[in-house]
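Student: my questions concern the predicted model and sequence given below.
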Protein chains: 2
Amino acid sequence: MSKTKKFLLSDQQMPTQWYNVVADMPNRPLPPLDPRTKQPVTKEQMCALFAEELMAQEMSVERFIDIPDQVQDLYKIWRPTPLVRAYGLEKALDTPAKIYFKNESVSPAGSHKPNSAIPQAYYNHKQGIKNLTTETGGGQWGSAIALACQLFGIDLKVYMVRVSYNQKPYRKLMMNAWGAEVIPSPSNTTQVGRSVLERDPDCSGSLGLAISEAVEVALRDPSTTKYCLGSVLNHVLLHQTVIGEEALLQMEMAGDKPDVVIGCFGGGSNFGGVAMPFLRGKLIRGENIRVVAVEPSSCPKLTRGTFQYDLGDTEGFTPLIPMYTLGHTFQPADIHAGGLRYHGAGAIVSQLLRDGLVEAQAVPQLETFAAGLIFARSEGIIPAPESTHAIAAAIREANQAKEEGRSRTILFNLSGHGMIDLYAYEQYFAGKLTNYDLPDQVISQSVDRLEKIIK
Amino acid sequence: MSKTKKFLLSDQQMPTQWYNVVADMPNRPLPPLDPRTKQPVTKEQMCALFAEELMAQEMSVERFIDIPDQVQDLYKIWRPTPLVRAYGLEKALDTPAKIYFKNESVSPAGSHKPNSAIPQAYYNHKQGIKNLTTETGGGQWGSAIALACQLFGIDLKVYMVRVSYNQKPYRKLMMNAWGAEVIPSPSNTTQVGRSVLERDPDCSGSLGLAISEAVEVALRDPSTTKYCLGSVLNHVLLHQTVIGEEALLQMEMAGDKPDVVIGCFGGGSNFGGVAMPFLRGKLIRGENIRVVAVEPSSCPKLTRGTFQYDLGDTEGFTPLIPMYTLGHTFQPADIHAGGLRYHGAGAIVSQLLRDGLVEAQAVPQLETFAAGLIFARSEGIIPAPESTHAIAAAIREANQAKEEGRSRTILFNLSGHGMIDLYAYEQYFAGKLTNYDLPDQVISQSVDRLEKIIK
């Protein structure tokens, strides 16, 4: 009989609660502030923009929060996802380490994003909301929320950064297939968009600008229309913990315990999703486990950023969030891991990093693609450019174990597949990618500018 | 507690044998013939081109054939695949029918094709073969065998029909990611290719021509190089029966029995893969079950073709195969279900159809895309254009059940996802697709021409 490769949970074994790490943090995250008054924003202020139950979750300190039955039913389209022992990768690396990965690429949208998109659509639907607006960069979040809105009969408008809209036609088509309207941003459908286009008719857009357009549209009729976001905020991280809760059960099935849990890091939802449930054992019982967030070296907010209050978008529409940040005017390089090109980290992970409870690593782009190819050629799955960051860090751990001549159990999250990102691999093969090394000066300039804006 | 949506088998429950329906057929398929002598081709003749164990399987009459351990290990990268109850689709159709689908889209290549690619690479590797050649149209087979060859360290050359090579850059990039060399056909790497290019430098290629180039290269050094094929032949259908063998166990888990099993039909590997294990009960125990092969109405070999000996390719390199055919010079319309654009049906399914043991249906292109969208919007998964044919037939069955006011249990095979085929959906949204209605005259002309070539 051959070895077990995949550890599967049945539909009945799917976790029925999300884990809210805030309940167990030694220092809870500082509250978000109103940029004008510098006072904590109220739930009422937030509810003008977001569904009420989502804001209740955003501010909750309960340890576990029930996953509604209808959300569980829809999760089951693809959840529980497999935990996989990466025998092929272990062999390719000739390492004594045991490597496991959680395969979030099996969702219909190809990434972990639907874990939060489904409940976000659910709570908005429950509140009677008929329209949602959102923004998307690379398109992972946009396609996930398009799927979710389709399943709940909500009309969705997605403002997609124009440069991505043009570069990634397949992502737009996925959203269309699920019935969403996709608008390249900047657009003439909003005041913000029109004023930008007046100044610069060829403007290729930015995530901050797309947020502004989506928010402007949502605020026009808050009784029927809300806005939603795919990362950074606490409730998004909360929903994603279903990943780690499953992985806890599956590692037990495998009769193993990870020494280190690894996730790529953009705003924190993917990393937090896999890592927080494992961190629980460390926070409550002092278990010896490392959790590692992996960011691109070209957008190194965790490893080279500053901890302070900063805005979530470039235009200044969001509250001030206590975060590790490169400054909200920081312009990340055009790396292919579009989901990791964000200037700041969510409040929960920022606080945990500050308290030394999570680790951070930065990996340069060329190392990530090399790692992605090793994985594709040994495990069969072509990973998303974002996920290759986690793979690269897992390979570093496995190589270190080899050097030290001892075993180590590694778990990483494969946040998505790279079927829609194959162009990035072509660029890699053609030798057209670089690491975008980032001088200290560029970072300090961006943060210095920030200090002047926010006291 | 909510309902079970997915019926999962563990790695340990994966079937360890393929099912060879030939053992149970009342009339076994007629033998393939040498086109020159009109005598049955020998195993030796076939082994000049194909690996020996594959040819032993091609001619085997054993009921069950063991799946080698190493193949089982690699199957476990994605197998067993889920059996899914399509509650969302049932609700969207408001039907009393119960609809299940087998989800083959979860493989790293996104389709069922690796089920045969892995064992084909394995047996070639076992025989010491260092190089394989093959052709691909839309790219599903090409990418599956690229993955398999990568896992066994075999160098692979894929001749990809030039029009697809240009239209589907992502498929080519998948093959590159798995280390295969992809050559647009016609090419100047073969005699056949050069002579075509001399006559027509802008020739956009055809599957038949690509086969000829791949075969020519393989025959240059038969001791180290072999050719391989992703459908039509008996051994390919054999490997695909792992689908149906799993589904048998999973339907039992669901406490249900299908009244009808449905698969889309190109050369027969996908349909045969899901259907043959269910047909076994009918052949051996006279069980009351229908198995339905679904083809595009623009390429209707099963529903409007002729049963006779015909060539497998347009150039005349293959043996004569006893098949339902539209004639090997039939030029199918440019439908997006590239995997179903083949003039003939494999020998096994052709014989079963002739004996009234399988049914066939033809569905026009617009109906298939409408069905695909209903599925994408109710079950979440965007299906491959090929798979939408099975969905369309399942919807027909479900609607009929509704009209008749009684239940029915339907199982269809979702052969692949449509992430790489989203352009086809865009064309559908833009109203640019047609049904390519096919006058009888066109078919009879193609078959008449055939009669003159082959007695």
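Tutor: Alright, I've got the coordinates. Note that the structure is predicted; figures quoted are calculated from it, not measured. Residues are numbered from 1 along each chain as shown, chains lettered A, B, ... in the order given.

Student: could you give the residue of the stretch 151-300 of chain A that lies closest to chain B?
Tutor: Closest to chain B within the stretch 151-300 of chain A is A:L173: 3.8 Å, counting by Cβ to the nearest Cβ. For every residue, glycine as well, the C-beta is placed using N, CA and C.

Student: distance check, that residue against B:A424.
Tutor: 9 Å (Cβ to Cβ, to the nearest Å).

Student: not counting its neighbours along the chain, what's nearest the residue of the stretch 251-400 of chain A found nearest chain B?
Tutor: Per Cβ to the nearest Cβ, the residue of the stretch 251-400 of chain A with the smallest distance to chain B is A:G380, at 4.0 Å. In space, and not counting its chain neighbours, A:G380 is closest to B:P108: 4.0 Å by Cβ to Cβ, 6 or more residues apart in numbering or on different chains.

Student: how many neighbours does the one you found have?
Tutor: Neighbourhood size, B:P108 [other Cβ atoms under 10 Å in any protein chain shown]: 21.

Student: give the helix, strand or coil label for it.
Tutor: On the three-state scheme (DSSP: H, G, I helix; E, B strand; the rest coil), B:P108 is labelled coil.

Student: pLDDT score for it?
Tutor: On the pLDDT scale, B:P108 is placed at 96.

Student: against A:L237, how distant is the residue nearest to A:M14 when sequence neighbours are not counted?
Tutor: Of all residues not flanking A:M14 in the chain, A:P80 sits nearest, at 5.0 Å (Cβ to Cβ, 6+ apart). To A:L237, A:P80 is 19 Å away according to Cβ to Cβ.

Student: thinking again about what came up before, got a pLDDT number for the residue of the stretch 251-400 of chain A closest to chain B?
Tutor: For A:G380, the model assigns a pLDDT of 96.

Student: show me the shaky parts of chain A.
Tutor: A:1-2, A:451-455 (pLDDT under 70).

Student: nearest residue to the residue of the stretch 151-300 of chain A closest to chain B other than its sequence neighbours?
Tutor: Excluding the flanking residues, the one nearest A:L173 by Cβ to Cβ, 6+ apart is B:L422, at 3.8 Å.

Student: A:L438 now?
Tutor: Excluding its sequence neighbours, the residue lying closest to A:L438 (Cβ to Cβ, 6+ apart) is A:S298, at 5.7 Å.

Student: just checking, the one you found touches A:Y436?
Tutor: Yes - counting by Cβ atoms under 8 Å, A:S298 touches A:Y436, with 3.9 Å between them.

Student: mind listing what the residue nearest to A:G380 touches?
Tutor: Taking Cβ atoms under 8 Å, 6 or more residues apart in numbering or on different chains, we find B:P108 in contact with A:380-382, B:77-78, B:114, B:147.

Student: returning to that earlier point: is the residue nearest to A:L438 part of a helix or strand, or is it coil?
Tutor: With three-state DSSP as the basis, the three-state label of A:S298 is coil.

Student: got the residues of the stretch 51-200 of chain A near chain B?
Tutor: A:69, A:72-74, A:76-78, A:84, A:87-88, A:106, A:108, A:110, A:147, A:150-151, A:169-170, A:173-174, A:176-179 (Cβ under 8 Å from any Cβ of the partner chain).

Student: switch to 7 Å and redo it
Tutor: Residues of the stretch 51-200 of chain A lying near chain B by Cβ under 7 Å from any Cβ of the partner chain: A:69, A:72-73, A:76-77, A:106, A:108, A:110, A:147, A:150-151, A:170, A:173-174, A:176-179.

Student: give me the buried subset of the residues you listed.
Tutor: Neighbour-count burial (16 or more other Cβ atoms under 10 Å in any protein chain shown) is assigned, among those, to A:72-73, A:76-77, A:106, A:108, A:110, A:147, A:150-151, A:170, A:173-174, A:176-179.
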